[in-house]
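# Build the 3D model from these lines:
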Amino acid sequence: MSGGDRPASERTIRVVVADDHTIVREGLVMILRSAPDIEVVGEASDGEQAVAMVQQSQPDVVVMDISMPGTSGLEAIRRIRRDWPQVKVLALTIHESEDYILHVLRAGVHGYVVKRAAGQELLSAIRAVMRGESYLHPAIVQVVLSDYLHRLEHGQEEPLLTEREREIVRLIAEGYKNREIAQRLNISLKTVETHRANIMQKLNINDRVQLVRFAIRTRLIEP
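Model prediction:
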């Protein structure tokens, strides 16, 4: 990797790497340690460890696998962006589907690197976000552009939902079941079911897949 895309500042970039697959994580760390301007200051195998490592080491950048056990990478990203807004977050995943990409981007990441290209792109992505830029793999750029043009063409507007309904939509989109939502929000299962029915009626949809797609496209899921 040439030095041409290095940040203007010569300060070493401190990086935390989070991935639950040991071989993948070690490979990423090896790539990063080959760069003279990057220092790996922590490793994590799940989202909870990633958050703890950020608190402990105060890195400049977190390279976060999204699909991890326990606290997901997506939830960890939200917590990091909320508590340490100065930390840059790069999402690392095998997923390239439209809904998944948009969901991740709206969690507040600064860049999106697909694993099949991580070896070629990771150093450039880290340096780009440290310059204040966003970094998206070319396939991801096409998805984002297509989504924008679709919404522009169809004049989609966000339906009027209450704050509680918006919260429930977000949890449904993240895969929580009604009972789990009730526990997280400290409300009854019947209340969740009523809210869910109202949401479906307002959005004129009849299954969870449609709900998730609509929520992502119309930005009902907040970072």
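
# Point me to the helix or strand that includes residue 40.
Per DSSP states H and E, residue 40 falls inside strand 38-44.

# what comes up buried for that strand?
By 16 or more other CB atoms under 10 Å, the buried positions in strand 38-44 come out as 38, 40-44. C-beta coordinates here come from the backbone N, C-alpha and C atoms, glycine included.

# Would you reformat these as JSON lines and include pLDDT and distance to residue 30?
Converted to JSON lines, these look like this (pLDDT from 0 to 100; distance: CB to CB, whole Å):
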{"residue": "38", "pLDDT": "95", "distance to residue 30": "12"}
{"residue": "40", "pLDDT": "97", "distance to residue 30": "9"}
{"residue": "41", "pLDDT": "97", "distance to residue 30": "15"}
{"residue": "42", "pLDDT": "96", "distance to residue 30": "15"}
{"residue": "43", "pLDDT": "96", "distance to residue 30": "12"}
{"residue": "44", "pLDDT": "95", "distance to residue 30": "17"}
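
# tell me the two of these that are most distant?
38 and 44 (16.9 Å; CB to CB).

# circling back to that earlier point, wait, which of the buried residues of strand 38-44 is closest to residue 180?
Using CB to CB, the buried residues of strand 38-44 come closest to residue 180 at residue 44, 24.1 Å.

# Now do the contacts for that closest one.
By CB atoms under 8 Å, 6 or more residues apart in numbering, the residues touching residue 44 are 16-19, 50, 52-53.

# Narrow those to those that are buried.
So, by 16+ other CB under 10 Å, the buried ones in the contacts of residue 44 are 16-19, 50, 53.

# so of the contacts of residue 44, which ones are in strands?
Among these, DSSP state E puts 16-18 in strands.

# Residue 206 in helix, strand or coil?
At residue 206, secondary structure determined by DSSP: H, G, I helix; E, B strand; the rest coil is coil.

# could we number from 31 for the rest of this?
Yep, numbering from 31; the last one is residue 236 now.

# Strands along this protein, start to end?
Using DSSP E, strands in the chain cover 43-48, 68-74, 91-95, 118-123, 141-144, 165-166.

# okay, the ones you listed in JSON lines with distance to residue 217 next?
Converted to JSON lines, these look like this (distance: least, CB to CB, whole Å):
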{"stretch": "strand 43-48", "distance to residue 217": "32"}
{"stretch": "strand 68-74", "distance to residue 217": "32"}
{"stretch": "strand 91-95", "distance to residue 217": "30"}
{"stretch": "strand 118-123", "distance to residue 217": "31"}
{"stretch": "strand 141-144", "distance to residue 217": "34"}
{"stretch": "strand 165-166", "distance to residue 217": "38"}
